[in-house]
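Undergrad: Need coordinates for the below:
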Amino acid sequence: MDNALKATSKVEDVYYAIAAAKNLNFNVDNDKAKTTLLEALKADETPLSQGYAFMAGALLSGDLKKLVDAVEDVIAQSDEVDGRMRQFEGGVASTAIVIEGAFELAATADKAPTINENDLFKFSNYFVNRRHVNNLKSAFYLAKVVKTLATNKFFVPVAAVRITPITSPKVQIQVADLLGKPIAAASLAVNAEHAKRTQDGATVLSKEKFTAKGNGIFEMDMQQKSNPGKGYYVVQLSASGLTAPYVGITGTQIQVKINAEIQVTDVDISVSEREQSSTPRSERVPANGMLPNVLKLDHHQKLALTFKVSQKGNAAAIAVHQAFVRLEHGTSGEEIIYMAELDPSTKLYKMDLDVLSSGKNFGFVSGEYKMELIVGDAVVENSLVWPIARLNLQFSEQGEPARRFRDELRAKPEIRHVFRVPEARPSKAVSSAFTVLVAVPLLVLLVLWMKLGANLGGFSFSPATLGFHIGLGAIIGLLYCYWTHLDMFTTLRYLTIVGIVTFVAANRMLRQKAAQRTKSAKSD
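TA: Numbers count the residues shown, from 1 in each chain. Modelled structure (predicted):
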């Protein structure tokens, strides 16, 4: 511990030294520990170091005013995330250490930490949102700070948690602390400030009170209160009657998904001439059935389909995410899908088919097609596929009868890579003649040496002479290696070393030869 309490120690090391001493029942010099702690803080004033300092100060006694006053400044350095959460740089561990330290220091100083309720609630949201951590240190400090926030005597943040499925219009929530312990205060009341549909922002209810069910559970049936219809809704909650130390809930939002069963009615199919303004002939598709006769259309005609989508038990028209019309060829099985669009004025879905202009889409394949209506939505329980009619389409051109395997979908021709044809090599005779020509200079050199009487009589086996010839041979060998596999930079690096040794050896060898000649001349 004495080694840790030095002026050069880190704040983290000082905290762990003091904590270890306390856990082992060793005596701690409070004045020395505080002095060391404040000196370490001067060198590192990051929020994480401040958090360790708060936890260390909570283990000491005496005047802790400097640390207590620093809490507000450190909290102000936190970053807001999505308007709902606050965190410190460094993630879960850093944020948990700062908040844990602030509350531990407050408990020691017996003074509430200077954290406003809104920020505390955002920190709580952050801890709940990041409850799945992947390292032991973060998990330890996260569990520690959550326990502290649920059991301290100053501020205990509480949350309203939906306990019914998101798809249930009968919304049940439970008011509990961060550890999940219910808050069952008799004076507690929960209200729905408002509920808005996410699709268009329409308010479907406001200022509705939840019914208390006991054990911190409250319930409200949205379907009974306002019958809002299918869709996603955001309910904003508020609470009254919370007594100290409990804080929170105000501004909390929960999402509710209300499913519905739909019905498709008023399905009309009309056929008219393209170039004439005559009244189209229209037929109503029977409920849950299809037209008994086959509708015949050629390239001079067009078809219009209209239908209405409504919620069961309610005649008002509604919109759905998916409304399609599928046409499938009876022989080939080829299909084409059109999207039905909602007409804002009539609230009916409509699909138009001009046989002439749409021929290309069908590949000009005439024949009988089955017509199906496809309606679905994320909040619809009974999405449907409804065969409504059979069409006999005759296009202006004649297309391929079977288009299931179109040309563009067939396997492409195999790509065979053709390597470059190697250049022709010279004949064996030419190669042999070239080799002989290359060797001729060497033969001429050997013949001239023999005529001149070259010999090794003057060769000395001194270190300089041996070093020069070995170095010269090494340079020749290095050039060969450069030709076969070495790159230029590696070759130059080796050549520098070998060249210096060869140069020094050659210089000494020549000096020795010169000295020998001078000595021989004097003796003569």
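Undergrad: what about the stretch 201-350 of the chain, any weak spots by pLDDT?
TA: The stretch 201-350 of the chain contains residues with pLDDT under 70 at 249-251, 276-278.
Undergrad: All the helices of it, residue numbers only.
TA: For the stretch 201-350 of the chain, applying DSSP state H, counting those that start in this stretch gives helices covering 222-226.
Undergrad: Can you show me the strands along it?
TA: 203-209, 211-214, 217-221, 231-240, 246-248, 253-258, 262-273, 281-284, 295-298, 301-311, 322-329, 335-339, 341-343, 348-354 (DSSP state E, counting those that start in this stretch).
Undergrad: And the stretch 51-200 of the chain, by the same measure?
TA: Taking DSSP E, counting those that start in this stretch as the test, the strands found in the stretch 51-200 of the chain are 79-81, 85-87, 156-162, 170-177, 189-197.
Undergrad: what about the residue nearest in space to the middle of the chain, distance to F395?
TA: Central residue of the chain (C-alpha atoms, centre = their mean): R130, 15.7 Å from the mean position. Look at R130 and F395: by C-beta to C-beta, to the nearest Å, they are 61 Å apart. Every C-beta, even on glycine, is put in place using the N, C-alpha and C of the backbone.
Undergrad: cool, and Y233?
TA: 48 Å.
Undergrad: what does E283 give?
TA: From E283 over to F395 the distance is 22 Å, taken as C-beta to C-beta.
Undergrad: More neighbours: the two, which one.
TA: F395 (20 against 15; other C-beta atoms under 10 Å).
Undergrad: so who does the more buried one touch?
TA: 298-299, 355-356, 359, 362, 364-366 (C-beta atoms under 8 Å, 6 or more residues apart in numbering).
Undergrad: can you do 7 Å?
TA: Contacts for F395 (C-beta atoms under 7 Å, 6 or more residues apart in numbering) come out as 299, 355, 359, 362, 364, 366.
Undergrad: Kindly report the same for A112.
TA: 106, 154 are the contacts of A112 under C-beta under 7 Å, 6+ apart.
Undergrad: Make a markdown table out of the contacts of F395 and add neighbour count.
TA: Below are the contacts of F395 laid out as a markdown table (neighbours: other C-beta atoms under 10 Å):
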| residue | neighbour count |
| --- | --- |
| H299 | 19 |
| V355 | 22 |
| G359 | 19 |
| F362 | 21 |
| F364 | 16 |
| S366 | 21 |
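Undergrad: nearest to A239, of those?
TA: F362 (61.6 Å; C-beta to C-beta).
Undergrad: mind checking how far the closest one is from A93?
TA: 63 Å.
Undergrad: next one: T114
TA: T114 is 22 Å from A93, by C-beta to C-beta.
Undergrad: Who has more neighbours out of the two?
TA: The neighbour comparison of T114 against A93 (other C-beta under 10 Å) goes to A93, with 20 against 16.
Undergrad: Roughly how far does the residue lying closest to that one once chain neighbours are set aside sit from M55?
TA: Once flanking residues are discounted, A93 sits nearest to S138: 4.4 Å by C-beta to C-beta, 6 or more residues apart in numbering. Counting by C-beta to C-beta, the separation of S138 from M55 is 16 Å.
Undergrad: neighbour count winner among those two?
TA: M55 (26 against 19).
Undergrad: What are the neighbouring residues in contact with the more buried one?
TA: 15, 100-101, 104.
Undergrad: mind redoing it with 10 Å?
TA: By C-beta atoms under 10 Å, 6 or more residues apart in numbering, the residues touching M55 are 11-12, 15-16, 18-19, 97-98, 100-105, 108, 141, 144.
Undergrad: Distance check, G83 against N118.
TA: Distance, G83 to N118, by C-beta to C-beta: 11 Å.
Undergrad: R416 now?
TA: For R416, the distance to N118 (C-beta to C-beta) stands at 71 Å.
Undergrad: Who has more neighbours out of those two?
TA: Using other C-beta under 10 Å as the criterion, R416 and N118 rank with N118 on top: 13 against 5.
Undergrad: Now flag whichever of the contacts of F395 is closest to V175.
TA: The closest of the contacts of F395 to V175 turns out to be F362 (C-beta to C-beta; 60.9 Å).
Undergrad: So that closest one is in contact with I337, correct?
TA: No - using C-beta atoms under 10 Å, F362 is not in contact with I337; the gap is 11.9 Å.
Undergrad: Need the residues touching each of the two.
TA: Jointly contacting F362 and I337 under the rule C-beta under 10 Å, 6+ apart are L327.
Undergrad: contacting residues around the residue nearest to the centre of the chain?
TA: Residues near R130 by C-beta under 10 Å, 6+ apart: 85, 87, 91-92, 95-96, 138, 142.
Undergrad: Determine the number of other residues adjacent to the nearest residue to T252 once chain neighbours are set aside.
TA: The shortest distance from T252 to any non-neighbouring residue, by C-beta to C-beta, 6+ apart, is to L237 (4.6 Å). Using other C-beta under 10 Å, L237 has 24 neighbouring residues.
Undergrad: So L237 versus V171, what's the distance?
TA: 10 Å.
Undergrad: now L67
TA: For L67, the distance to V171 - C-beta to C-beta - is 44 Å.
Undergrad: Also K10?
TA: K10 is 50 Å from V171, by C-beta to C-beta.
Undergrad: okay, those two: which has more neighbours?
TA: Ranked by neighbour count (other C-beta under 10 Å), K10 and V171 place V171 first, with 25 against 14.
Undergrad: Return the set of residues that bridge with that one.
TA: Under DSSP bridges, the beta-bridge partners of V171 are M220.
Undergrad: Tell me, what's the model's pLDDT at it?
TA: For V171, the model assigns a pLDDT of 88.
Undergrad: And stretch 174-184, end to end?
TA: Start-to-end span of stretch 174-184 (C-alpha to C-alpha, to the nearest Å) is 9 Å.
Undergrad: Any chance you could list what contacts it?
TA: By C-beta under 10 Å, 6+ apart, stretch 174-184 touches 124, 127-128, 131, 143, 145-151, 156-164, 185, 188, 190, 210, 212-218, 237, 239, 242-243, 246, 248-249, 252.
Undergrad: please redo it, this time with the cut-off set to 7 Å
TA: 124, 127-128, 146-147, 149-150, 156-161, 163, 188, 190, 215-217, 239, 246, 249.
Undergrad: Now, of the residues you listed, which are buried?
TA: Applying a neighbour-count criterion of 16 or more other C-beta atoms under 10 Å, the buried members of those are 124, 127, 146, 149-150, 156-160, 188, 190, 216-217, 239, 246, 249.
Undergrad: ok now stretch 288-305, how far from the chain's centre?
TA: Here the centre of stretch 288-305 is set off from its chain's centre by 49 Å, with C-alpha atoms, centre = their mean, to the nearest Å.
Undergrad: and that stretch, how far apart are its ends?
TA: Stretch 288-305 has its terminal residues 16 Å apart, counting by C-alpha to C-alpha.
Undergrad: Would you mind listing the buried residues in it?
TA: When burial is assessed from 16+ other C-beta under 10 Å, stretch 288-305 yields the following buried residues: 290-291, 295, 297, 299, 301-305.
Undergrad: That concludes my questions; thank you for your assistance.
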